[in-house]
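What shape does this take:
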Amino acid sequence: MSVAGRARLIVISDSERGPLDGWLRELQALLAAATPGSVQVLLRDRQLPIRARRELGEQLRRTTRAHRQWFAVSDRLDLAGLLDADGLHLAEDSVTASDARAFALAHGRSWLVSTACHSPEALADLTADAALLSPVLAPRKGRPALGLGGLRQAALARQRRGPALGSCSLYALGGVTRHDAAELLAAGADGVALIGELFVPGAGRELLAALGILER
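Below is the predicted model:
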């Protein structure tokens, strides 16, 4: 498997978008068809009661392991530990990446840490291992779409990072579909993150092909 957190595709859970059973079937098919280590599944679903969120996380942890893919949890450090996650994703107002790593180390774990990012220039200074830049292709929560220009600006800002900060993978999030994936990679993204596309029956294989990670 490739290095955790360097996946080409991040699939984010959101049971408010549509029937979860259908999404899980599409996810199973996608993970089975993808190159091992090329997909990360991120448990978000903040609106779920914690017991239901944990149960969904347990299912996603089993599924990702079965297909040799990665699993991460959004914000909840305790839940990430309980579910033996590979990674942790932080909101901009969450704890710092350093705090998250210290928590993991204190509990005998090692996480790759990603963070939400809404400013292309922030890539020059982030301490996380990966940034999910949004919204790139569609406006969200009052924020205008950054567009390909914003994505290219983020890629340039990343080049100004000092050696002490280490590497930071760049993912495009917000309005991303299988039809845009290749263009986003060409504009400087290391990968894409998305939510709604797996509610489209049969979209997974086309998405994997566009990202160059369709194995079978």
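
Only C-alpha atoms from now on, for both contacts and neighbour counts.
Will do.

Show me the shaky parts of this protein.
Within the chain, the set of residues satisfying pLDDT under 70 comprises 1-5.

go again using 80 as the cut-off
The model of the chain has pLDDT under 80 over residues 1-5, 216.

ranges for the strands of it?
For the chain, the strands defined by DSSP state E occupy 9-12, 39-43, 70-74, 87-90, 112-117, 130-133, 169-173, 191-194.

The fifth one pairs with which strands, parallel or anti?
This points to strand 112-117. Strand 112-117 sits in its sheet next to strand 87-90 (parallel), strand 130-133 (parallel), going by DSSP bridges.

now the helices for the chain?
Remark: helices assigned in the chain by DSSP state H are 20-33, 50-66, 77-82, 97-106, 147-158, 181-186, 203-211.

Save the ones you listed as a markdown table, and put in mean neighbour count and distance to Pro120 too.
As requested, those are exported to a markdown table (neighbours: other CA atoms under 10 Å; distance: least, CA to CA, whole Å):
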| stretch | mean neighbour count | distance to Pro120 |
| --- | --- | --- |
| helix 20-33 | 18 | 30 |
| helix 50-66 | 16 | 31 |
| helix 77-82 | 18 | 26 |
| helix 97-106 | 16 | 18 |
| helix 147-158 | 19 | 4 |
| helix 181-186 | 18 | 14 |
| helix 203-211 | 19 | 22 |
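
now those helices as CSV including distance to Ser134?
Formatted as CSV, those follow (distance: least, CA to CA, whole Å):
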stretch, distance to Ser134
helix 20-33, 22
helix 50-66, 24
helix 77-82, 23
helix 97-106, 18
helix 147-158, 9
helix 181-186, 12
helix 203-211, 19
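
Thr127 versus Pro163, what's the distance?
Going from Pro163 to Thr127 by CA to CA, to the nearest Å gives 11 Å.

cool, Ala102 as well?
Taking CA to CA, one finds Ala102 at 13 Å from Thr127.

for the strands paired with strand 112-117, which one sits closest to Arg205?
strand 130-133 (22.5 Å; CA to CA).

Please list the outside residues in contact with the closest one.
With contact meaning CA atoms under 8 Å, 6 or more residues apart in numbering, strand 130-133 is reached by 5, 113-120, 123, 151, 168-173, 193.

at 6 Å what do you get?
Strand 130-133 is contacted from outside by Ser114, Thr115, Ala116, Cys117, His118, Cys168, Ser169, Leu170, Tyr171, Ala172, Leu173, using CA atoms under 6 Å, 6 or more residues apart in numbering.

Out of these, which is nearest to Leu24?
Leu173 (20.3 Å).

That closest one touches Pro139, doesn't it?
No - Leu173 lies out of contact with Pro139 (CA atoms under 6 Å); the separation is 10.7 Å.

Show me which of these two is the more surrounded one.
Each of Leu173 and Pro139 has its neighbours counted (other CA atoms under 10 Å); Leu173 has more, 24 against 15.

The more buried one and Ala106, how far apart?
For Leu173 relative to Ala106 (CA to CA), the value is 31 Å.

re earlier: adding mean neighbour count and distance to Trp70, write the strands paired with strand 112-117 out as a markdown table.
Shown next, in a markdown table, are the strands paired with strand 112-117 (neighbours: other CA under 10 Å; distance: least, CA to CA, whole Å):
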| stretch | mean neighbour count | distance to Trp70 |
| --- | --- | --- |
| strand 87-90 | 26 | 8 |
| strand 130-133 | 25 | 14 |
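
Thanks a lot, catch you later.
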